[in-house]
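A.B. asks: Sequence below, structure please.
(2 chains)
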2 protein chains.
Amino acid sequence: MQVVKNSVAAHTSPLVSFFRKVVFGKPLASSAALQHRLPIGLALPVFASDAISSVAYSTQEILIVLAGVSLAGGGAALGLQIWISIAIAVLVVIVATSYRRAVILYPTSGGSYTVTKHNLGAFMGLIAAAALLIDYIMTVAVSICSGVDALVSAYPRLLSDKVEIALLLVALLTLANLRGTKESGWTFALPMYAFVTLAGIMIVTGVTHFILAGGHVQAMGVNPHLPAHLRLPGGLILPKAGATLGLFFLLRAFANGCSAMTGTEAVSNGVSAFKPPESKHAAQILLLMGGILVFNIIGIGFITHIYHVVPSETETVLSMAARATFGIGVPYYLLQYATLAILMVAANTSFADFPRLMAFVARDDFAPKAFTRLGDRLVFHRGILALALISAAVIVVFKANVTKLIGLYSIGVFLCFTLSQLGMARKIGSMREKGWRGGVILNLVGATVTGLVAVVVAVSKFTEGAWMVLVLIPIIIAVCYLIKRHYEWFERTMTVHPEDFNPLAEPAEPVTVLVLVSSDIHRGILEGLECGRALADGKPGSVLRAVHIEMDPEKTDRLKAKWAQFVEPHLDRQIALDIVPSPYRWLTEPLLEYLDLIDLERTHDRIVVVLPEFETGNPLTHFLHNFTARRLRTVLLNRPNITVVSSRFFMKPMAWRLGRGGLVY
Amino acid sequence: MQVVKNSVAAHTSPLVSFFRKVVFGKPLASSAALQHRLPIGLALPVFASDAISSVAYSTQEILIVLAGVSLAGGGAALGLQIWISIAIAVLVVIVATSYRRAVILYPTSGGSYTVTKHNLGAFMGLIAAAALLIDYIMTVAVSICSGVDALVSAYPRLLSDKVEIALLLVALLTLANLRGTKESGWTFALPMYAFVTLAGIMIVTGVTHFILAGGHVQAMGVNPHLPAHLRLPGGLILPKAGATLGLFFLLRAFANGCSAMTGTEAVSNGVSAFKPPESKHAAQILLLMGGILVFNIIGIGFITHIYHVVPSETETVLSMAARATFGIGVPYYLLQYATLAILMVAANTSFADFPRLMAFVARDDFAPKAFTRLGDRLVFHRGILALALISAAVIVVFKANVTKLIGLYSIGVFLCFTLSQLGMARKIGSMREKGWRGGVILNLVGATVTGLVAVVVAVSKFTEGAWMVLVLIPIIIAVCYLIKRHYEWFERTMTVHPEDFNPLAEPAEPVTVLVLVSSDIHRGILEGLECGRALADGKPGSVLRAVHIEMDPEKTDRLKAKWAQFVEPHLDRQIALDIVPSPYRWLTEPLLEYLDLIDLERTHDRIVVVLPEFETGNPLTHFLHNFTARRLRTVLLNRPNITVVSSRFFMKPMAWRLGRGGLVY
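C.D. replies: Below is the predicted model:
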């Protein structure tokens, strides 16, 4: 019987099986992995919508900084945002170009972590990984909360339920991702194309208005949807007293805008999900993405500028821009829904990448091995669940406030841009292929620019939350090294050497079997005695004993009588019944002390404790019985030199087969 | 080795042991139970303060009904409360007198449940028990919330934190009770005597003022402590539109006042906690309690009457009465603290009685057996925890609002008064001792009165919450009978008959031992193989096999090579290594199918599955390893015809001994 045939449904109860299929889809065999890779039309939404969606909030976060300054004094500040947008677009082009090389040279994926690790060492690689992991979490939090903002802009009644809606969306994404990549691809392609189209129409419409009106359009009105009490000036972001448009504010506005960049990293990190030839497709996607991004940042920046949009706490800038351009009607609502949808897709990017990066890090022993295991839908389900839980916690802690979340965002990604481009420069320099000098210069320029941006972001957002990231990264790295150290110790300790096998040649040890007996001898105990006999009888040198922990001395005499009358006469040899008193009605302490005594008597035998359990066959009735067996098992498992045997008496066939097939665990 | 000596601390880690002692106190041997019974000076606070404390809210709940009516039309309604108070006092005397007999006749405790069950049958007994259990839960909820109201009356700033404070107090009581009765007695004696003394002083002072002023005192002012926005009329309980003082409102006011009665039941239910002679002491306590109660109800009713106290949502009536009498000063604050304290003691009464009643019901198989087990501090700790959790949930659901909680309160206790007095009448009638006719008449009168009150309470509070109690009682009874049925089935199925022992005389079965092998042969696997050999080798007819679930086919060749090179040459006989493919990377399904095949081959042997586990020795590193062994164990334990053996390899001595001594479980 070397190979056993395997069919899917045989052992799963119909109910569990049905539930699994509806929620997670059919299980996928390992050989299906290749077919699940993505064509370019699907890969663009999955990998680029993170970057593209960020225009939904980056323009706004620039304006929030500039608006405060502007109202306080610097009159033309709002106009500066177009120049900031252009600067960001240039940055995208630089990073995208330099990343194209990384994608081609490291087609087997792993992104910045792999590039940095291979060229700058494991420590630098971990810095990149920690920075990226934080940024993936922030991407989920920021995107989801910004999507909720888009929804709430259209329906201000929902303002008080933002956190709940955000958590619901996280749960939806988690389920979708536990189902697997293919479905994600198709489900999320439409929103991106819808958003890009609608935003494009909005920009073109706005610019056309502007040209037709001879360069003068009317300024925004207040959102007529908004309840009256929210129309007060309090609803607008108020300027800090006495703020002027210094370099610091300009840099902070720029840093906020840089949140558009996080998505760029996503592509190179997810190359293994593309259809072959992977690197060519990935490079195409980077180019497409850069183009769309530049058009949108500048376009939306221009629209908000010509309509004099002022950021508010109750409505997004994009919603205001759309209201100004379209008026409140079908196109406006469509754009809000498309914004929510593409931001969901953006969050979904992290759901594709976070688990993958965790798996890469875990493969190097820097994270729990469990993250390397593919679930039965071919996804790293543990990574997906970890990301869902952490980002949900972040959303709750920051009360779904995008402006507060953005403070922690995008510092990580620039840190790892810098590291991976330095790594690339080193790599290209060492390869000395044709045109290597140009490649090194390109990457060094990229590294310098992103490094400068990382410093700008860290400094300008330091008090807004960036400090938390700077504190977290070293902590994460320390934990990674501790985990690595543990695995190394584990490997050293557990690895067997040829001489370790020698004992197998010796005769097997005799066993001392102890059967635990309750105050009443019921069928479960009888089964336990049978089990003990099967393990001990017929073996030379083996011993069988029964042990009773006397928690209620009144019942001991009856037990002794029953034992003498029914058990002893039937056995071919006498089994000792040891009574262990327990004056404090404790269960485990006296047993452990008894085992200590047995240990003292022990020579070269193996001590086997048989725990007689019973199973009522109905989970609903479990709470009606003492969980003594479970408790004893847990305690005994933590005691060295004991082999624990669970012998179960089944009172009737199990009605439910909970836990089969691994769903419940 | 028939008896093993037992010392307490040997097996508990110092840290756990210290924690246990500080929080729960030293463990108590069973022989200490008698010494822990209560003298009368301690028994009065523990068993009567429930009743006495109810004056803190019953007067108020009468006024809330009457005040609404009064403001709406019926001018003299407030004056009626004195008469209602007198009616309630008379009711206390009737019930207390009739209960004196029950306490004397049923000194071994069990209260209404035992009395009713013995004389009217198990079904009626369960009605009494269900009604009482609900009332105990409501006692905790109402008393704690009323205590919080007393605190909040003195410190209106805490108004918004009522629920949190209430939950904190429940947690405190739970801890105190897990420590045991003795501490409760001493800790809670002072508050009752303080409250009775201070309330007495207040009543005497108020009456003296009244007499000195010639029957006219000034009406209450607004609480000067209250923040300005709460001083509006909205803070007062507003009348329902058009309400007039009909019989219905009079009855509802009376029903609200009857909450003072719940504590009376407590005494007879807790007789076993008194010092012998138990019944004499219990009867004394009933008399003392009745006297104090009558004095306070009438006294406080009179004070609120002469000062024209109008109930408010932000201050208790007792607080207003104290302000009127004492002014805001030391006596006022002392009374508020004493009120909080005695209400804590009242809630504590339920903590003494609920677990005890649960134990009585569980002893009759109507509730989970676990409730009959005394913990190591000689308390029914499971009952205490159950009460704490349920009452905390009730407090949260009802947002700590006494007026809403009171709607569910006191209907249960009158139901069980009626049942137990009917039971008593039957008992005394059947005994025909001297004076039995008088006893029967007394109890029948008591039953009629309390039965009428039960109807009044149920009808007048029906829409305020009493309907929930009337729905819950039959549900609880149905569950009780289902539990009983399960235990009866369990008894039938598990009881052994002499012929069941016959198999023990036969030779023991041979064993088929299956050792689960991972893709790498490490020391844990080696230990598992050793264990399998110890169980199978040397026994005639026994078989040993190794099984590998192939989740990653790439590793199989290495495993086979290692097996052929290292394992096979050392064994005295060849062990088959079965490879079970798992295309969906499932762990449990393929194993279960393999076991199905083994089952088909099987004849009269016992199938033993050895799960090789390893223990890293540090709980912090557990999350770094797959929990496959734990998962497999759970699944295999749910499969009949399998004996599960857990063989653990200990990588280093356990640093922590968590779970020893039963604290953690």
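
A.B. asks: and the longest strand along chain A, which strands flank it?
C.D. replies: When chain A is parsed with DSSP state E, its longest strand is strand A:606-615. With DSSP bridges as the test, strand A:606-615 is paired with strand A:511-516 (parallel), strand A:643-650 (parallel).

A.B. asks: Provide a list of residues in contact with the most centrally placed residue in chain A.
C.D. replies: Nearest to the mean C-alpha position of chain A, counting by Cα atoms, centre = their mean, stands A:Leu387 at 1.9 Å. Neighbour list for A:Leu387: A:136-137, A:140, A:350-351, A:354-355 [criterion: Cβ atoms under 8 Å, 6 or more residues apart in numbering or on different chains]. The C-beta positions use only the backbone N, C-alpha and C, and glycine is treated the same way.

A.B. asks: For the single nearest residue of the stretch 351-500 of chain A relative to chain B, give its distance to A:Tyr99.
C.D. replies: Closest contact between the stretch 351-500 of chain A and chain B, by Cβ to the nearest Cβ, is at A:Met494 (3.8 Å). A:Met494 is 41 Å from A:Tyr99, where distance means Cβ to Cβ, to the nearest Å.

A.B. asks: before we move on, what about A:Tyr155?
C.D. replies: Taking Cβ to Cβ, one finds A:Tyr155 at 39 Å from A:Tyr99.

A.B. asks: How about A:Ala322?
C.D. replies: 32 Å.

A.B. asks: Repeat that for A:Asn348.
C.D. replies: 21 Å.

A.B. asks: Ok, A:Ser350 next?
C.D. replies: Going from A:Ser350 to A:Tyr99 by Cβ to Cβ gives 18 Å.

A.B. asks: picking up where we left off before, and A:Ala322 and A:Tyr99? which has more neighbours close in?
C.D. replies: More neighbours surround A:Ala322 than the other of A:Ala322 and A:Tyr99, with 30 against 27 (other Cβ atoms under 10 Å in any protein chain shown).

A.B. asks: Tell me the residues of the stretch 251-400 of chain A that contact chain B?
C.D. replies: Contacts of the stretch 251-400 of chain A with chain B, taken as Cβ under 8 Å from any Cβ of the partner chain, map to A:368-370, A:373-376.

A.B. asks: Turn those into CSV, columns for neighbour count and pLDDT.
C.D. replies: Shown next, in CSV, are those (neighbours: other Cβ atoms under 10 Å in any protein chain shown; pLDDT from 0 to 100):
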residue, neighbour count, pLDDT
A:Pro368, 20, 89
A:Lys369, 16, 85
A:Ala370, 19, 83
A:Arg373, 17, 79
A:Leu374, 19, 76
A:Gly375, 22, 70
A:Asp376, 25, 63
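
A.B. asks: and the two most separated of those residues?
C.D. replies: A:Pro368 and A:Asp376 (19.4 Å; Cβ to Cβ).

A.B. asks: show me where the stretch 451-600 of chain A has helices.
C.D. replies: Taking DSSP state H, counting those that start in this stretch, the helices of the stretch 451-600 of chain A run over residues A:466-494, A:523-536, A:556-562, A:588-601.

A.B. asks: Deepest-packed of these, please.
C.D. replies: The highest average neighbour count among those, using mean count of other Cβ atoms under 10 Å in any protein chain shown, belongs to helix A:523-536 at a mean of 24.

A.B. asks: tilt between that helix and helix B:466-494?
C.D. replies: 40 degrees (axes from the mean of the first three to the mean of the last three Cα atoms, to 10 degrees).
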